[in-house]
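following is a predicted model, sequence given first.
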Amino acid sequence: MNSLLEVQDLQVSFYTYAGEVQAVRDVSFSLGKGETLAIVGESGSGKSVTSKSIMRLLAKTAKIKNGSIRFEGEDLVTLSEKKMQNIRGKEIAMIFQDPMTSLNPTMTIGKQIIEVLRKHRNMGREESAKRAVELLNQVGIPNPEKRLKQYPHQLSGGMRQRVVIAIALAGEPKVIIADEPTTALDVTIQAQILELMKRLQEELGTSIVLITHDLGVVANMASRVAVMYAGKIVETGTVDEIFYESRHPYTWGLLASMPKLHEHTDELLAIPGTPPDLSDPPKGCPFAARCPYAMEVCYEQLPSYTEHTDTHRAACWLQDPRAPKVERPLAAGG
Ligand code: SF4
Ligand code: MG
């Protein structure tokens, strides 16, 4: 695969009054050109910390302890802040969950888009004003000329997220990192925004890292999936491998907690228990305390990855030939 972004052995810790919290623990993955990789997991699994590391937008209390993040061969971990500013927005853009965190409330929509065009695409005043209209058209915002003169608070949540996408597209980045891009929106708008992202990706060939806790979104959008738990990638595979041939009990739990389509139920089978405390991570499998299949070895030793195909691997002791055979329970979603 022709990979654009290559994360290798990434370790990120937060330093708090309670000590070191190991938020990301040896995460490796790659992103190909034009591909959508979904990173899935519950909140606190390290998904957002991973994406912020790529952008080098971590909080001051966090530190990349180890690993590399290669973008077109260059390691972003060691890049100067000055060079990083040329990457952010221009090569790699980010879309956050809450559009208000990425929009400036005191600036018109037009000004915010034009700023990116002038900075990253070296456009003049007139050209960028024209391009801003095109971009709003492209993300499906009616009356773009009027909208460009408005402030973020004058738009609905769905419209604001479209503006955020337009700003992300303005720099013509090779990679877009979308962190829960639709979580704050209602279901119909969610579907529209996802459809929009998908269409734009097909048109523009952008690579996407999609961060989500929602496997329904994954099925629709991604080509490959990395499942994160307690700061680690516990399983990775193509969408089909994850949905139909998953080998990890945590992934099974996530699949079972998907709402069933066409069925009236508000009852989700959440995975009982809570993730481990990452200021003192367990020495064995991080999922052991919640796993219905946990064996003695699971508490004692970290499972290593077993490769099932070129694209599919999982870190679980059940893959050991000596482990008892366990059938994956039928997922609620499929
Ligand atoms: Fe469960 Fe053991 Fe597999 Fe961890 S290694 S997911 S505890 S069976
Ligand atoms: Mg998050």
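Thanks, I have the structure now. Numbers count the residues shown, from 1 in each chain. Ligands and ions are numbered 1, 2, ... in the order given.

straight-line length of stretch 239-248, end to end?
Its first and final residues considered, stretch 239-248 spans 14 Å by Cα to Cα, to the nearest Å.

tell me how far residue 106 lies from ligand 1.
Relative to ligand 1, residue 106 is positioned 49 Å away (Cβ to the nearest ligand atom, to the nearest Å). Any C-beta I mention is one placed from the backbone N, CA and C, and that applies to glycine too.

let me fix that, I meant to ask about residue 196.
Taking Cβ to the nearest ligand atom, one finds residue 196 at 36 Å from ligand 1.

does that residue belong to a helix, a strand or coil?
Using DSSP: H, G, I helix; E, B strand; the rest coil, the secondary structure recorded for residue 196 is helix.

who does the helix or strand where residue 39 lies pair up with?
Using DSSP states H and E, residue 39 falls within strand 36-40. When sheet partners are counted by DSSP bridges, strand 36-40 sits next to strand 207-212 (parallel), strand 224-229 (parallel).

rounded mean pLDDT for it, please.
The predicted model assigns strand 36-40 a mean pLDDT of 96.

please apply the same query to stretch 177-186.
For stretch 177-186, mean pLDDT is 87.

CA-only coordinates of that stretch, as CSV, when you get a sec.
Extracted in CSV, the C-alpha atoms of stretch 177-186 (Å, rounded to 0.1, in the frame of the first residue of the first chain):
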residue,chain,number,x,y,z
ILE,A,177,-8.9,13.9,10.6
ALA,A,178,-12.5,13.9,11.6
ASP,A,179,-13.0,13.4,15.4
GLU,A,180,-16.6,12.4,16.1
PRO,A,181,-17.7,14.8,13.3
THR,A,182,-21.4,14.1,13.6
THR,A,183,-21.8,13.2,17.3
ALA,A,184,-23.3,16.6,18.3
LEU,A,185,-25.8,16.5,15.5
ASP,A,186,-29.3,15.0,15.2
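
list the contacts of that stretch.
Applying Cβ atoms under 8 Å, 6 or more residues apart in numbering, the external contacts of stretch 177-186 come out as 47-48, 51, 54-55, 92-99, 157-158, 161, 165, 189-190, 193-194, 197, 208-214, 217.

show only the entries of those found in helices.
The helices, defined by DSSP state H, take in 47-48, 51, 54-55, 99, 157-158, 161, 165, 189-190, 193-194, 197, 217 from the contacts of stretch 177-186.

around ligand 1, which positions in this structure sit nearby?
248-249, 285, 287-288, 291, 293-295, 298, 303, 316-318 (Cβ under 6 Å from any ligand atom).

ok, and what's touching the lowest-mean-pLDDT helix or strand in the chain?
Among the helices and strands of the chain, helix 99-102 carries the lowest confidence by mean pLDDT, DSSP states H and E, at a mean of 80. When contacts are defined by Cβ under 8 Å, 6+ apart, helix 99-102 is touched by residues 94-96, 152, 157, 160-161, 163-164, 167, 184.

can you tell me which of these is nearest residue 77?
Residue 77 lies nearest to residue 94 out of those, by Cβ to Cβ, at 17.0 Å.

list the contacts of that closest one.
So residue 94 contacts 51, 55, 57, 88, 102, 168, 176-179 (Cβ under 8 Å, 6+ apart).

out of those residues, the closest to ligand 1 would be?
residue 51 (24.5 Å; Cβ to the nearest ligand atom).

quick one: the residue in the stretch 101-250 of the chain that ligand 1 sits nearest to and residue 303, what's the gap?
Using Cβ to the nearest ligand atom, residue 249 is the residue of the stretch 101-250 of the chain that sits closest to ligand 1, at 4.3 Å. As judged by Cβ to Cβ, to the nearest Å, residue 249 and residue 303 stand 11 Å apart.

of the two, who's got more company?
Legend: neighbour count by other Cβ atoms under 10 Å for residue 249 and residue 303, higher for residue 249 (26 against 22).

read off the pLDDT value for residue 332.
Reported pLDDT for residue 332: 44.

can you give me the helices in the stretch 151-300 of the chain?
157-170, 187-204, 215-221, 239-244, 249-256, 296-300 (DSSP state H, counting those that start in this stretch).

ok, now which ones touch residue 69?
Under the criterion of Cβ under 8 Å, 6+ apart, the neighbours of residue 69 are 5-8, 10, 53-54, 75-77.

try 7 Å
Residue 69 sits next to 7, 10, 53-54, 75-77 when contact means Cβ atoms under 7 Å, 6 or more residues apart in numbering.

also residue 224?
With Cβ under 7 Å, 6+ apart, residue 224 has these contacts: 35, 37, 238-239, 311.

all strands of this protein, in order?
3-16, 19-32, 36-40, 62-71, 74-75, 92-95, 175-179, 207-212, 224-229, 232-238, 305-307, 313-315 (DSSP state E).

just the buried residues of the contacts of residue 69.
Buried members of the contacts of residue 69, counted by 16 or more other Cβ atoms under 10 Å: 7, 10, 53-54, 76-77.

and those, which is closest to ligand 1?
The nearest member of those to ligand 1, counting by Cβ to the nearest ligand atom, is residue 10 at 21.3 Å.
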